[in-house]
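Trainee: missing the sequence, but the structure's below:
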């Protein structure tokens, strides 16, 4: 009996010790999907320096603002932005009420899955597609449509739900920053209403921390119910030079960390990291996700029509931005 008790006590102690080891390892490595190397080290060192209240790089919690692009930075964006694929599916779903679309561009190309034809229609064509799929609808109805689509639609190449194609290393980074009193925002060229449907559930980013391209809206009492109606007029295109404007309007504080993946994020990276004057000594961090993994995800940069990374890649060295090589720096891509 004593031997059994001794064995059980030893076994319990070993299990407890193992639990402590696992917990310690998890605490010691907040970015387990990031491979050891200079990019991971740079992130850890930056966060450590701005949160060390005894150091000369300390930044007060209220100033620890981090902004992240979405498409290509937090989730995949090939072969086309996911919001565009949503718009295409909405057009197909409403064909019965608009039979004329079969012979009218750009809807004809959408119905035929003719991406070249869609792109040939230019911005005018894309705005028509957005107009019929995103406007003259209540905000509640739009949210319901997007939510249903995200729960049922599948990526044309991977077969995954779109919300399964988020990047596990970036989810870890978002959590790590929040654990260190950063306020995290999404600043995306995608539609603000589209992003707000899933940002909190998938990224832990609440609706008020989403900055995106915005359409005008109006208020009306509809059958006695207070209702917001989405209109067709564009209020803000939150891409390229529009991103710093969106940050200025919505956040009101200059970030100290910005992450993107394309030339559409160039101005946001500049706005975040370039010192405004000689007295500005606040530590700042720019990060670019470089899509280099054709096997596990996609490989593209300078010549891509989606997520083109050219000017920002050239400027990265001069600005000291950290360029993350997905193939070399990430042990996993999507959550497993």
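Mentor: Now that the structure is in, tell me what you want to look at. Computed from a predicted model, the values in this text were never measured in an experiment.
Trainee: confidence score at residue 122?
Mentor: Looking at residue 122, its pLDDT stands at 74.
Trainee: so which residues of the stretch 101-250 of the chain form strands?
Mentor: 137-138, 183-191, 210-222, 225-236 (DSSP state E, counting those that start in this stretch).
Trainee: just send those strands back as TSV, with mean pLDDT and mean neighbour count too.
Mentor: Where C-beta positions appear, they are placed from N, C-alpha and C, glycine not excepted. Listed next are the strands of the stretch 101-250 of the chain as TSV, based on pLDDT from 0 to 100; neighbours: other CB atoms under 10 Å:
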stretch	mean pLDDT	mean neighbour count
strand 137-138	96	18
strand 183-191	97	24
strand 210-222	96	16
strand 225-236	94	14
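Trainee: make CSV out of those strands and add distance to residue 270.
Mentor: Shown next, in CSV, are these (distance: least, CB to CB, whole Å):
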stretch, distance to residue 270
strand 137-138, 36
strand 183-191, 13
strand 210-222, 17
strand 225-236, 18
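Trainee: can you pull out the low-pLDDT segments for the chain?
Mentor: 1-27, 123 (pLDDT under 70).
Trainee: what about the helices in it?
Mentor: Ranges of helices within the chain are 2-28, 38-51, 82-93, 107-111, 115-120, 122-134, 139-152, 168-179, 192-203, 242-250, 266-273, 311-319, 326-329, based on DSSP state H.
Trainee: just name the most buried of those helices.
Mentor: Compared across the helices of the chain, helix 266-273 shows the largest average neighbour count, a mean of 23 (mean count of other CB atoms under 10 Å).
Trainee: and that one, what does it pack onto?
Mentor: When contacts are defined as 3 or more CB pairs under 8 Å, 6 or more residues apart in numbering; DSSP states H and E, helix 266-273 sits against helix 242-250, strand 257-260, strand 285-290, helix 311-319.
Trainee: ok, which of these comes nearest residue 113?
Mentor: strand 285-290 (28.0 Å; CB to CB).
Trainee: return the set of buried residues in that closest one.
Mentor: 285-290 (16 or more other CB atoms under 10 Å).
Trainee: greatest separation within those residues: which pair is it?
Mentor: So, those by CB to CB: farthest apart are 285 and 290, at 16.0 Å.
Trainee: residue contacts, the residue lying closest to residue 61 once chain neighbours are set aside?
Mentor: Leaving aside its sequence neighbours, residue 61 sits nearest to residue 181 (CB to CB, 6 or more residues apart in numbering; 4.0 Å). Residues counted as contacts of residue 181 (CB atoms under 8 Å, 6 or more residues apart in numbering) are 51, 61, 64.
Trainee: could you measure from residue 181 over to residue 169?
Mentor: 21 Å (CB to CB, to the nearest Å).
Trainee: any chance of the helices of the chain in JSON lines, plus distance to residue 160?
Mentor: Output for the helices of the chain, formatted as JSON lines (distance: least, CB to CB, whole Å):
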{"stretch": "helix 2-28", "distance to residue 160": "27"}
{"stretch": "helix 38-51", "distance to residue 160": "26"}
{"stretch": "helix 82-93", "distance to residue 160": "11"}
{"stretch": "helix 107-111", "distance to residue 160": "22"}
{"stretch": "helix 115-120", "distance to residue 160": "20"}
{"stretch": "helix 122-134", "distance to residue 160": "22"}
{"stretch": "helix 139-152", "distance to residue 160": "12"}
{"stretch": "helix 168-179", "distance to residue 160": "13"}
{"stretch": "helix 192-203", "distance to residue 160": "13"}
{"stretch": "helix 242-250", "distance to residue 160": "28"}
{"stretch": "helix 266-273", "distance to residue 160": "28"}
{"stretch": "helix 311-319", "distance to residue 160": "28"}
{"stretch": "helix 326-329", "distance to residue 160": "17"}
